[in-house]
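Engineer: I would like to see how this sequence folds:
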Amino acid sequence: MQDDLIPLPDILKEIDVLHSVRDRTTLDDFKASASDVRATSYSIMVISEAVRRIPAEWLDEFPATPWHAIRTIGNKLRHEYQHISEIILWGVIATHSATLKTTIEEMLVRHS
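Structural biologist: Below you'll find the model as predicted:
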């Protein structure tokens, strides 16, 4: 990897946290668990912030990935936390995180 400050491994660690929640619970149980909602929110914020540190040319290699949405969800969680739906968080962990994991793993292969 060109720069040790590029946080691809950090993103993968946080995706693992999201997947651990996804794999041990259901949507209804997730919505009822304040600790799971908080853990998920934190992991998504970390991912969002970490994506900001990935070089733009690396992001450009994966144009199908919604980088803008990934970056902005962190701001929504920080500043509009009272309006974030558990259903949206569940969608991130149940669906979108697996796709992002594949992308980040490919990015690691290309730039290691």
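Engineer: Quick one: residues contacting Ser33.
Structural biologist: Thr25 (CB atoms under 8 Å, 6 or more residues apart in numbering). Heads up, the C-betas are built off the backbone N, CA and C, glycines and all.
Engineer: next helix or strand past the helix or strand Ala39 falls within?
Structural biologist: In this structure, Ala39 sits in helix 34-51 according to DSSP states H and E. Remark: after helix 34-51, the chain's next helix or strand is helix 56-60, criterion DSSP H and E.
Engineer: Which positions within that following helix qualify as buried?
Structural biologist: Residues of helix 56-60 classed as buried by neighbour count (16 or more other CB atoms under 10 Å): Leu59.
Engineer: counting contacts, what elements does it pack onto?
Structural biologist: Where contact means 3 or more CB pairs under 8 Å, 6 or more residues apart in numbering; DSSP states H and E, helix 56-60 is packed against helix 97-111.
Engineer: and the angle from the helix it packs on to helix 34-51?
Structural biologist: 30 degrees (axes from the mean of the first three to the mean of the last three CA atoms, to 10 degrees).
Engineer: Return the list of helices and strands in contact with helix 97-111.
Structural biologist: Using 3+ CB pairs under 8 Å, 6+ apart, helix 97-111 sits against helix 8-24, helix 56-60.
Engineer: Serialize the ones you listed to CSV and add fields for distance to Thr72 and mean pLDDT.
Structural biologist: Shown next, in CSV, are those (distance: least, CB to CB, whole Å; pLDDT from 0 to 100):
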stretch, distance to Thr72, mean pLDDT
helix 8-24, 16, 97
helix 56-60, 14, 96
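Engineer: Show me how far stretch 94-110 is from its chain's centre.
Structural biologist: Stretch 94-110 sits 10 Å away from the centroid of its parent chain (CA atoms, centre = their mean, to the nearest Å).
Engineer: Which residues does that stretch contact?
Structural biologist: Residues contacting stretch 94-110 (CB under 8 Å, 6+ apart): 1, 8-9, 11-12, 15, 18-19, 22, 27, 47, 54, 58, 61-62, 65, 70.
Engineer: run the last query once more with 6 Å
Structural biologist: With CB atoms under 6 Å, 6 or more residues apart in numbering as the test, stretch 94-110 has contacts from 8, 11-12, 15, 18, 22, 58, 62, 65.
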